[in-house]
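> just coords:
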Ligand SMILES: [Zn+2]
Ligand SMILES: [Zn+2]
């Protein structure tokens, strides 16, 4: 029996105990306490022992924190801005202006959708050219109003489609990176679930890059890497291991500034706790960044990206 | 017989004389000189005596100086930039980088086309949303490379079409005006033929606005004004008079900085001379503007437009 | 109010007689005769068919600003009739009549106000005043309002209701497009937010300048949003217009606006945007 | 050169044997066996059917730069195999082989050069080197080249030929996209012009960063220009790809490039752009 199966059985037992207690007016709190402690331990083991491939599965859960509901829970208030002003509005990449801890920010995030209908509409979080053109537009508004910029990343990647190509999705992504690098204020990116290649990096050229413990950030999906390099998608777990796509690996590589711990069992098991942890981390980094002058901020940001992987770099 | 008819007859006679002289080896230079003097006088009369409506006709001639060939004649070298990077490329509004009197500039101009096929393609110089999005893009390149910006205007107006609306032509025009107002360098606009409403003003928010003698610049076509205000398009000549759309009227109103004289008979009768006159005027104004600091330039530009029509304004 | 009917679409306006105001007005969308007070109570939306009647500038401001918070700016000094224009009526006479009929100095009314307690500079255009067209007067009022907003660091809110440029002021009205964009740049320089509300109609030179470059753009459900008029498009291009062309929904589908909201929720929506856009709160 | 065949379209590559080079190569587009020297003389365009063979970085530079003007930069110091990646072959071994086969340090070759007498910084990517993919090495070479161009105020010219990011360097290769855009911003800050030439293939992370944000973008006639590969698009969306999808012409029709030119005219076109973009001249 795997730890995960064991965990499921224990959780079912606890649920039954609770039902029994309620239906029959019994006090089973002692028994429940023991059971719950075991569950908590097991959850920790499950997450800590996860392979890279296991984390990929976790990061892809549709109930991972992300999207509109997460942004709304994170912020005190949120006003959505829609449309790229030239073509259409992309439901897979959204954003607007918000208040975080009483301060104004601009925010951008991928929307994956949880129900099949939402997922279809949002293309499972794969934003198209129009999404990235909109993101660039919102970044420009943020620059104009001198707002710090927060991005929440959870996407399998940019949308591969004929219309996306026809509207220059590559150019839109490049312009997002460029605009983020020029942003005249602090920028923080948080990878919440999947950080899939170009579609993720378009929103990740930030002063600080944070990752949830079980999030991934990768140049290509493990399946994609496996079929290109191993000529067989079955090697995906091995590719995942090699790609160093977990939060801890990327923290060790110096790509990520902070790994935000998830509740035992994963972020989806306790969204409120996850929101609180992300919130605290984001506020902390914005507050640190706000102490820098604009010149310093830009200089540090440029240096951070100018030296990724060069011999003298921290990794 | 109108002056124009008279002029045509004299021109035909002169052509015949020249043919006779050549075919028969005759020296008819004395006779020709007299005839040519008469023609020149008549041309002057024709142009000077033109009503506003007459100038509208002249400004609309397909052989008016404008478009690619005029830009090429005006500049020492021209490299065209195409495409709006998100939708398509509009053949009715074109531009790029150029050299004028040895100096680098960015240039934008309407293309009307002279042959029916060209005219159809360029929609008679009515640029669509994509044209103005491209213009904005080229203005941004000019800003990045710190190039002075020259615009050559000759359009009946922006294209009224379903696709133009779907791609937000109003927003594109507004963004052009905005970008021109922010341009970090000297800007000169020359109205060569028709300066038709929003499609013209999108490229006319310049430090200096020049007009060819017989060009027009108007908020609406005289026909449009006539059918709205007189409920009958036949009142177009009267509307033209009322609209104060001629170069001299607009110069008197303080809207235009310089009226560039045309060769007798109109700009189309001697394109080379027209090019030379425009070139000289443009170089003169760029050279004046280049003496200003960027702060001064922007301050003067803002003041120019902030006070159009207010009681204290020069008009 | 004068009788004004726009045949282009289903939006209708108040049917009037001589002052004092008539008790009943007819909805052109459904033909219903509606009791005037009932229409007012229903925010000028036909109680039978839901068609939007347009609002005057004062009605609009009353519907958005906190009660008694609006303080009108003094009228600017402008060149009246700068071209000496005359068509079937001298332009001066048209302006005179519009002033009498609307009680307004020009096609836009601006002042300081509070919305949900937040201090703003608020301007609303009035379609009854020569089609809400922008000439020197409108340009000056908007410029002054925006420059003050920049100076006092108060958000600028503009409700657009305009057929475009004021034809009778020729190029001077065209140049108001540049003027208001220049003033909008002053807002940007001061990092002051600007919210545009597009209503029926938001067209022509006003849309192609100040109407399209706000930080937040909200469309009222009954809005007409487009650069060129449907007739001009049909005549020039011979194109058939798709259903719903230039409606608020069309603008939304093509990425031009941030939200489309019914009239009854406009103030709430505006307040939501404002409370995020202003510091503190 | 290794045998490399891309089945996606009609573009073909040089058929090879062991060194010394084979005398004949086969055009996969038309099947013709072409005498190697003749192919070279024809700028690697099939004399029979006109299909474009891709150029190596050295061939490309030779075709664009003034003779003997190219001075290669020294190789950067980078983390080799930063992830310790291994698939069917250890990544280090792949790099080693690519270096041996191409004689290049990485998938891009950069240096100073003159084009029609104009001093430039010139970089060309080489598709033979692990598909022209961008890892830390390519990122560093491009960054150094651009920063030098900014410093010396020389135009930067980049010939793109890349399948995208270097998978074996994981996120570090993804972050090279940010690195090269940051260096491109350094060019912008110095008001130094940047010209991109898109050839076969210009795709993935290279197109979605440095390939798409030049001041002037020229496509070679035989280019393939697109973010996602055709197979990925078909598999993910089930869409049928339109004819001519992701060709240079497609890019032009959708407003992504300033010009499309045949290989024989590329140098001339580049020179035309450069001579306008540099001061004096
Ligand atoms: Zn009704
Ligand atoms: Zn062949």
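Yep, it's here. Model, not experiment: these values are computed from the prediction. Residues are numbered from 1 along each chain as shown, chains lettered A, B, ... in the order given. Ligands and ions are numbered 1, 2, ... in the order given.

> which residue is nearest the centroid of chain C?
residue C:161 (2.3 Å; C-alpha atoms, centre = their mean).

> wait, what's in contact with that residue?
C:54-55, C:57, C:60, C:124-127, C:132, C:199-202 (C-beta atoms under 8 Å, 6 or more residues apart in numbering or on different chains). No exception for glycine: its C-beta is placed from N, CA and C like everyone else's.

> can I assume it sits in a strand?
Yes. Under DSSP: H, G, I helix; E, B strand; the rest coil, residue C:161 falls within a strand.

> Adding neighbour count, write the contacts of residue C:161 out as CSV.
Formatted as CSV, the contacts of residue C:161 follow (neighbours: other C-beta atoms under 10 Å in any protein chain shown):
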residue, neighbour count
C:54, 25
C:55, 25
C:57, 25
C:60, 25
C:124, 29
C:125, 32
C:126, 27
C:127, 24
C:132, 29
C:199, 29
C:200, 27
C:201, 29
C:202, 33
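
> quick check, nearest of those residues to chain D?
residue C:202 (27.1 Å; C-beta to the nearest C-beta).

> what is the mean pLDDT for stretch A:7-26?
For stretch A:7-26, mean pLDDT is 85.

> Can you give the contact residues for it?
Taking C-beta under 8 Å, 6+ apart as the rule, stretch A:7-26 contacts A:1, A:27-29, A:31-32, A:35-36, A:38-39, A:42-43, A:46, A:265.

> what do you get if the cut-off is 6 Å, keeping everything else the same?
Outside stretch A:7-26, the residues that touch it by C-beta atoms under 6 Å, 6 or more residues apart in numbering or on different chains are A:28, A:32, A:35, A:38, A:39, A:42.

> phi, psi of the fourth one?
Listed backbone geometry of residue A:38 is phi -60, psi -40, with angles given as degrees, to the nearest 10.

> got it, and the fifth one?
When read as degrees, to the nearest 10, the backbone of residue A:39 gives phi -60, psi -50.

> Now do the closest residue to it other than its chain neighbours against ligand 1, distance only.
Closest residue to residue A:39 apart from its sequence neighbours, by C-beta to C-beta, 6 or more residues apart in numbering or on different chains: residue A:10 at 5.1 Å. Residue A:10 sits 63 Å away from ligand 1, going by C-beta to the ion, to the nearest Å.

> Which helix or strand contains residue A:10?
Assessed by DSSP states H and E, residue A:10 sits inside helix A:3-24.

> Please spell out which residues along that helix are buried.
A:7, A:10, A:11, A:14, A:17 (16 or more other C-beta atoms under 10 Å in any protein chain shown).

> what does stretch C:86-94 contact?
Contacts for stretch C:86-94 (C-beta under 6 Å, 6+ apart): B:229, B:230, C:81, C:85, C:168.

> Would you mind listing which of those residues are buried?
By neighbour count, with 16+ other C-beta under 10 Å, those hold B:229, B:230, C:81, C:85, C:168 as buried.

> right, is the helix or strand that residue A:179 is a member of up against chain B?
Following DSSP H and E, one finds residue A:179 within helix A:169-182. Yes. For a cut-off given as C-beta under 6 Å from any C-beta of the partner chain, helix A:169-182 has contacts with chain B, namely residue A:171.

> Moving C-terminal from that helix, which element do we reach first?
Assignment by DSSP H and E places the next element after helix A:169-182 at strand A:187-196.

> returning to that earlier point: need the pLDDT of the residue nearest to the centre of chain C.
The model's pLDDT for residue C:161 equals 97.

> now do residue C:5
For residue C:5, the model assigns a pLDDT of 35.

> follow-up on the earlier one: wait, does the helix holding residue A:179 contact chain C?
No. For helix A:169-182 and chain C, the contact criterion (C-beta under 6 Å from any C-beta) is not met; the two come no nearer than 12.8 Å.
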